[in-house]
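> generate a structure from the sequence data that follows.
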Amino acid sequence: MSVLEQFSLKGQVAVVTGAGKGIGRGIARSLAEAGAAVAVAARNPEEIEDAAHEIEQLGGRAVAVQTDVTEMDQLERLANRATDELGTIGIWVNNAGGIPDATARYLTRISPDEWDAQLDLNLKAVWAGSIVAARFMKESGGSIVNISSRTAHGPHSKNGPYAAAKAAVNSLTQTLSIELAPTIRVNAVAPGPIPTQNFLECTNVDSSQIPAMEKAIGIPLQRFGAPADIGAAVVFMASPASSWITGQCLYVTGGM
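The predicted structure follows:
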């Protein structure tokens, strides 16, 4: 197999959670461009239908499955729909996450309920998705890719609960890679700042302020990332090109 052929996902079936917009949608599109059929999942039905339609317009195959990733039974339904409509799952991307509305960001100010909401969405959902994926990949093998974050590394006083959850995702990824070897590889991709709509809302800025933010943050590669940057990294981690890599976290941060 040539080097370029090792990056092909032709004939593969992928599941991407949180795929209706932003980074998740970029990941889904990248996997489709590499040849995979993609089950796009999120809570918003209109967004995932639009994402699936975009993949189909590219000549790919896709199915939209409304899913709340904090519910194990919905993740199982997602896996069953993907299998029934697209084929045997070989790639599962746990991308869904974020900061729930009106949730405090400081460890010293967050309530127990807010803490649970953060951990359910950003850690428990990754664990649950991985367990479901492993069950469906048990016989044929596959690749699980968890979306972590640069915030997993170092202190983050304005994003403490989220950062703690993402640090735990990295640990979970390493442990699952041992438990599921040798048939299933488990890796993570940690994005740096990507100016998605969620990013703009969380930072209280609008798109016109992006160029100034890029300069102020001091990214060595002198630009914010794009969903396609993360999509390319996920394609690598999901493809035969990374067949001897497991338990690793690839930081895609522009050098930050």
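
> if I pick the residue nearest to Gly87 when sequence neighbours are not counted, what's in contact with it?
Of all residues not flanking Gly87 in the chain, Val13 sits nearest, at 4.7 Å (C-beta to C-beta, 6 or more residues apart in numbering). For every residue, glycine as well, the C-beta is placed using N, CA and C. The contact partners of Val13, by C-beta atoms under 8 Å, 6 or more residues apart in numbering, come to 36-39, 82-83, 86-91.

> restricted to strands, list the residues you listed.
Per DSSP state E, strands hold the following members of these: 37-39, 91.

> turn those into JSON lines, including pLDDT and distance to Leu31.
Formatted as JSON lines, the ones in strands among the contacts of Val13 follow (pLDDT from 0 to 100; distance: C-beta to C-beta, whole Å):
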{"residue": "Ala37", "pLDDT": "98", "distance to Leu31": "9"}
{"residue": "Val38", "pLDDT": "98", "distance to Leu31": "5"}
{"residue": "Ala39", "pLDDT": "98", "distance to Leu31": "10"}
{"residue": "Ile91", "pLDDT": "98", "distance to Leu31": "7"}
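
> before we move on, the earlier item: out of the contacts of Val13, which are buried?
Buried members of the contacts of Val13, counted by 16 or more other C-beta atoms under 10 Å: 36-39, 82, 86, 89-91.

> which stretches of the stretch 51-200 of the chain form helices?
Taking DSSP state H, counting those that start in this stretch as the test, the helices found in the stretch 51-200 of the chain are 72-86, 112-119, 125-137, 160-180, 197-203.

> check which element follows the shortest one along the chain.
Right, the one you point to is helix 197-203. Proceeding N to C from helix 197-203, the next assigned helix or strand is helix 210-217, under DSSP states H and E.

> out of the helices of the stretch 51-200 of the chain, which is the most enclosed?
Most buried of the helices of the stretch 51-200 of the chain by mean neighbour count (mean count of other C-beta atoms under 10 Å) is helix 125-137; its value is a mean of 21.

> one step back: now the ones in strands among the contacts of Val13 as a markdown table including distance to Gly154?
Output for those, formatted as a markdown table (distance: C-beta to C-beta, whole Å):
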| residue | distance to Gly154 |
| --- | --- |
| Ala37 | 38 |
| Val38 | 33 |
| Ala39 | 34 |
| Ile91 | 30 |
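
> from those, which is closest to Arg77?
Nearest to Arg77, judged by C-beta to C-beta, of the ones in strands among the contacts of Val13 is Ala39 at 10.9 Å.

> just the pLDDT for the residue nearest to that closest one when sequence neighbours are not counted.
Nearest non-adjacent residue to Ala39, counting by C-beta to C-beta, 6+ apart: Ala82, 3.7 Å away. pLDDT recorded at Ala82 is 98.
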